[in-house]
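[1] Mind looking at a prediction? Sequence and model below.
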Amino acid sequence: MHLNPYGSYAVLLAASLANDWPEDRDGIVARTREHGMTMPFTEVDRDHARVRRVVDEWLTVVDAADDQARAAALNRQMAAAAAFPRLTDHDGEGWHLHYRDEHQALPEVLAAVISVGTALHLTTRGMQRLGRCAAGTEPGDTCRRVVVDVTRNGRQRYCSVRCANRSGVRRHRARAGGSGR
Ligand SMILES: [Zn+2]
Ligand SMILES: [Zn+2]
């Protein structure tokens, strides 16, 4: 797996797990494959529940009140999860860096790659490029999906076209109602 300042697979993987939580361990592993991770994971007891805890902790980074709180939460998670960067060339991927010990179980691997990947994402693209769908901040809207902004202009506020459209319709109605009176 590759962790570099220009790749966002780890933070996108975390958002995918948060937004659409897999039913079982196999579902989590399948999700890591979809995001480009190739290594086999050591199976340990309660993998599924422990990865859920990793995701819940990561959500405190997503929901942090400001940049300072966000950095502090991420620093705590990296201190707990990450190890020395090390060079590896497993599975024909070519030489790349792992920010964790070898032979770790699924929850530990994900805790490390998600925290370091999120730190790389925020420091290279911008500290604000992670949050919840903007539609959910409007009264009566229930969308709580995580948005990872990897767009060029850094203006992604909605999790989906559907949410952007719903929000747009609401704004339009509010304007129309306001001007008619
Ligand atoms: Zn790798
Ligand atoms: Zn949404």
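    Sure, I can see it. Ligands and ions are numbered 1, 2, ... in the order given.
[2] can we go C-alpha only for contacts and neighbour counts from here?
    Fine.
[3] Where do the helices of the chain begin and end?
    In the chain, the helices defined using DSSP state H lie at 9-19, 25-34, 47-62, 67-81, 106-125, 161-179.
[4] Of the ones you listed, which shows the lowest average pLDDT?
    With a mean of 87, helix 161-179 has the lowest mean pLDDT of the helices of the chain.
[5] So for that one, what gets flagged as buried?
    Across helix 161-179, burial judged by 16 or more other CA atoms under 10 Å covers 163-164, 167.
[6] which of those residues lies closest to residue 138?
    Nearest to residue 138 among those: residue 167, at 8.0 Å, using CA to CA.
[7] Touching, that closest one and residue 133? I think so.
    No - assessed by CA atoms under 8 Å, residue 167 is found out of contact with residue 133, at 10.5 Å.
[8] So which of the buried residues of helix 161-179 reach ligand 2?
    residue 163 (CA under 5 Å from the ion).
[9] okay, the buried residues of helix 161-179 in TSV with distance to residue 108 next?
    Below are the buried residues of helix 161-179 laid out as TSV (distance: CA to CA, whole Å):
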residue	distance to residue 108
163	33
164	35
167	38
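[10] Just the closest of the buried residues of helix 161-179 to ligand 2, please.
    Comparing the buried residues of helix 161-179 against ligand 2 with CA to the ion picks out residue 163 as the nearest, at 4.6 Å.
[11] show me the residues around the closest residue to that closest one other than its chain neighbours that make contact.
    Excluding the flanking residues, the one nearest residue 163 by CA to CA, 6 or more residues apart in numbering is residue 135, at 5.9 Å. Going by CA atoms under 8 Å, 6 or more residues apart in numbering, residue 135 touches 141, 143, 158, 163-164, 166-167.
[12] Fine by me, we can end here.
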